[in-house]
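**Student:** Okay, predicted coordinates and the sequence, questions at the end:
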Amino acid sequence: MKLTRISIVLLLSITGLRIGSGCATLPDVAEMIKEAPTAVGSSSQIVSSRGLLSPQKSRAIMDRLKNSVKPTDILERHISVVESVSESPLTRGNRVTLLTDGQDAYAAMFQAMEHARHHINLETFIIEDDPVGRKFADLLLRKQAQGIQVNLIYDSIGSLKTPGSFFQRLSDGGVQVVEFNPMNPLNSRWNWRLANPDHRKILIVDGEIALIGGINISSVYSSSLSARKPKGEQLPWRDTDVQIEGPAVLEAQKLFLETWRKQNGPPLDDPGYLPDQKEYGEALVRVVGSTPGENNRITFIVYVSAISFAEHSIHLTNAYFIPDDQILDALVDAARRGVDVKIILPAASDSSMAITGAQYHYSRLLKAGVKIYERSNAFLHAKTAVIDGVWSTVGSTNLDYWSLLNDDEVNAVILSRVFAEKMEVMFAGDLAESDEITREQWKKRSLWQKSKEQFAHLFSHWM
């Protein structure tokens, strides 16, 4: 949610702290692509529930996947680039369920938590003291009382409006609560860095089920997308999560535990947090996390590399689209080489400046042949992509400077033709609810609109 990000800017401005990209830079992905192995037939490193597979078995899995779709470098060279920078392995044997709105995601979350036997680990940017937030709190307290250890990480800025009494009630009930980078530096448990929000949304139950995506804990997601809102009422929020069962859950758990450790949470040494994994499905999944630092912006590298190697289609949905030059160049180059590039963006948002900041780039994208659509009957908050009918990602990463440079983020990358087909159906549904912005139409926009775009662009590194 963008209001909290604006709050960060105001707070940092007041305290005189330095923000933006003055000291922070994004990695040169083109250079990484040059340095990554390019040998045809090189094997991906695939991990099963029993450990690392042999090169022969990994090659056989990748060959079957490649034979199920049109030829694409995204299943060879892109994977090579990602493996050169990420410690998170590509895992097989996962069942991935697409959750296309808040109601579906919350239903899945509550079902998973109700059946918890050992622990519930929840990491979120925003948890609000509203009907949905209180429903979560009640269930977490009930499970804690049943002997299920509940551990919560919430972001200091993202949950700024949530009263301390909300978290105190959880703590009093035995829930272990960690505030990520407390706003008050005197309460900080490690190197204080207010300009580093934890934007991740992860729920892990028993180390067996993980939910990852863009959905915070808030009543704004509980409205039905199918119900048309009367004029003046708040629009429903449209977002996406995935539920993962299989070896990839362990990688999500490692990210949670690492954040917990960095924030000096109470030790979580019980081996039950890292149980032996089972295989439930056919999807290959890699869970990637980003933290501040030029070499740690893994989700950015994943996006740029995947777009760069696309050969047929790029269908992108993003809530806050203020991309850097590398992402822009990759999208433009893809469209010019004949790739079907479609981007769905919000027409309504909790930040009007974010909308005009995105629109600043429309002219260049439209000229190159990128097709742009805006959805106006919902607050589009999703961060998803499906490429070449086989590569998909769902996560918390916005394609804007703040997300790409400063946030802790997490995305699930899924390699599966079957799952990609479900992503395409979801994309088509959003497309049907959106309006295309044509180049001819965009050329006729007013001088006032152009001025707003120029003004918003001045602050692009703060959005």
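**Tutor:** That came through, no problem. No experiment lies behind these values; they were computed from the predicted model shown.
**Student:** For the spatially closest residue to residue 129 that is not a sequence neighbour, grab phi and psi.
**Tutor:** Excluding its sequence neighbours, the residue lying closest to residue 129 (C-beta to C-beta, 6 or more residues apart in numbering) is residue 166, at 4.5 Å. The way it works is simple: take the backbone N, C-alpha and C, and place the C-beta from them, glycine included. Dihedral pair for residue 166: phi -60, psi -50, per degrees, to the nearest 10.
**Student:** Report the contact partners of residue 166.
**Tutor:** 127, 129, 133, 137 (C-beta atoms under 8 Å, 6 or more residues apart in numbering).
**Student:** swap in residue 397?
**Tutor:** 199, 290, 299-300, 303, 383, 403-404, 407, 409-411.
**Student:** same deal with residue 416?
**Tutor:** Residues in contact with residue 416 (C-beta under 8 Å, 6+ apart) are 65, 96, 282-284, 390, 392.
**Student:** for these, which one is nearest residue 52?
**Tutor:** For those, the closest approach to residue 52 (C-beta to C-beta) belongs to residue 284, at 14.0 Å.
**Student:** how's this protein carved up into domains?
**Tutor:** Per the record, the chain has its domains at 2-43+54-92+283-462, 96-273, by automatic domain parsing.
**Student:** For these, give me TSV that also has mean pLDDT.
**Tutor:** TSV is the format used below for the domains of the chain (pLDDT from 0 to 100):
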stretch	mean pLDDT
domain 2-43+54-92+283-462	89
domain 96-273	92
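**Student:** picking up where we left off before, and the contacts of residue 397, which are buried?
**Tutor:** 199, 290, 299-300, 303, 383, 403-404, 407, 409-411 (16 or more other C-beta atoms under 10 Å).
**Student:** ok, residues contacting stretch 426-444?
**Tutor:** For stretch 426-444, contacts defined as C-beta under 8 Å, 6+ apart pick out 98, 100, 238, 240, 315, 317, 342, 344, 347, 362-363, 366-367, 371-378, 380, 382, 384, 386.
**Student:** Next step: the contacts of residue 397 restricted to helices.
**Tutor:** Judged by DSSP state H, the contacts of residue 397 include 299-300, 303, 403-404 as members of helices.
**Student:** Among those residues, give me the pair with the biggest separation.
**Tutor:** The span of the ones in helices among the contacts of residue 397, defined through C-beta to C-beta, is set by 303 and 403 at 10.6 Å.
**Student:** CA-only coordinates of the lengthiest strand in the chain in CSV, if you can.
**Tutor:** Among the segments of the chain that qualify as a strand by DSSP state E, the longest is strand 90-99. The C-alpha coordinates for strand 90-99 follow below in CSV (Å, rounded to 0.1, in the frame of the first residue of the first chain):
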residue,chain,number,x,y,z
LEU,A,90,15.1,-24.7,-8.3
THR,A,91,12.9,-27.3,-6.6
ARG,A,92,10.8,-30.0,-8.1
GLY,A,93,7.7,-31.8,-6.8
ASN,A,94,5.6,-28.8,-5.8
ARG,A,95,1.9,-28.2,-6.0
VAL,A,96,1.1,-24.6,-6.6
THR,A,97,-2.4,-23.1,-6.2
LEU,A,98,-3.2,-19.7,-7.7
LEU,A,99,-5.2,-17.4,-5.4
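**Student:** who does that strand touch, helix- and strand-wise?
**Tutor:** strand 46-48, helix 102-114, strand 241-245, helix 248-262, strand 283-290, strand 409-415, helix 417-432 (3 or more C-beta pairs under 8 Å, 6 or more residues apart in numbering; DSSP states H and E).
**Student:** In a markdown table, list those along with distance to residue 441.
**Tutor:** What follows is the helices and strands packed on strand 90-99, written out as a markdown table (distance: least, C-beta to C-beta, whole Å):
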| stretch | distance to residue 441 |
| --- | --- |
| strand 46-48 | 46 |
| helix 102-114 | 32 |
| strand 241-245 | 34 |
| helix 248-262 | 42 |
| strand 283-290 | 36 |
| strand 409-415 | 33 |
| helix 417-432 | 17 |
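**Student:** To residue 174, which of the ones you listed lies closest?
**Tutor:** helix 102-114 (15.3 Å).
**Student:** how far out from the middle of the chain is that closest one?
**Tutor:** Chain-centre distance of helix 102-114: 18 Å, with C-alpha atoms, centre = their mean, to the nearest Å.
**Student:** what's next to it, contact-wise?
**Tutor:** By C-beta under 8 Å, 6+ apart, helix 102-114 touches 97, 99, 120, 132, 135, 139-140, 143, 203, 205, 209, 211, 213, 215, 220-224, 237, 239, 241, 243.
**Student:** List the buried residues in that helix.
**Tutor:** Here helix 102-114 shows 102, 104-106, 108-109, 112-113 as buried, counting by 16+ other C-beta under 10 Å.
**Student:** what helix or strand is the closest residue to residue 137 other than its chain neighbours on?
**Tutor:** Of all residues not flanking residue 137 in the chain, residue 170 sits nearest, at 6.0 Å (C-beta to C-beta, 6+ apart). Element membership of residue 170, judged by DSSP states H and E, is helix 164-172.
**Student:** between the next helix or strand after that helix and helix 164-172, how many degrees?
**Tutor:** Elements were assigned by DSSP H and E; along the chain past helix 164-172, the next helix or strand is strand 176-180. Angle between the axes of strand 176-180 and helix 164-172 is 140 degrees (criterion: axes from the mean of the first three to the mean of the last three C-alpha atoms, to 10 degrees).
**Student:** Parallel or antiparallel, which strands does strand 176-180 pair with?
**Tutor:** strand 149-155 (parallel) (DSSP bridges).
**Student:** Report the angle between the strand it pairs with and helix 248-262.
**Tutor:** Per the same axes, to 10 degrees, the angle that strand 149-155 makes with helix 248-262 is 70 degrees.
**Student:** Please enumerate residues in contact with strand 149-155?
**Tutor:** 118-127, 140-141, 143-144, 162, 167, 170, 174-181, 197-199, 256, 259-260, 263, 265, 268, 270.
**Student:** for the residue nearest to residue 48 when sequence neighbours are not counted, what are its contacts?
**Tutor:** In space, and not counting its chain neighbours, residue 48 is closest to residue 92: 5.3 Å by C-beta to C-beta, 6+ apart. If a contact means C-beta under 8 Å, 6+ apart, then residue 92 has 46-48, 53, 61, 247, 279, 282, 284 as its contacts.
**Student:** how close does residue 92 get to residue 70?
**Tutor:** Distance, residue 92 to residue 70, by C-beta to C-beta, to the nearest Å: 22 Å.
**Student:** How about residue 77?
**Tutor:** For residue 77, the distance to residue 70 equals 15 Å [C-beta to C-beta].
**Student:** ok, those two, which is more surrounded?
**Tutor:** Looking at residue 77 and residue 70 with other C-beta atoms under 10 Å, you find the greater number of neighbours at residue 77, namely 19 against 11.
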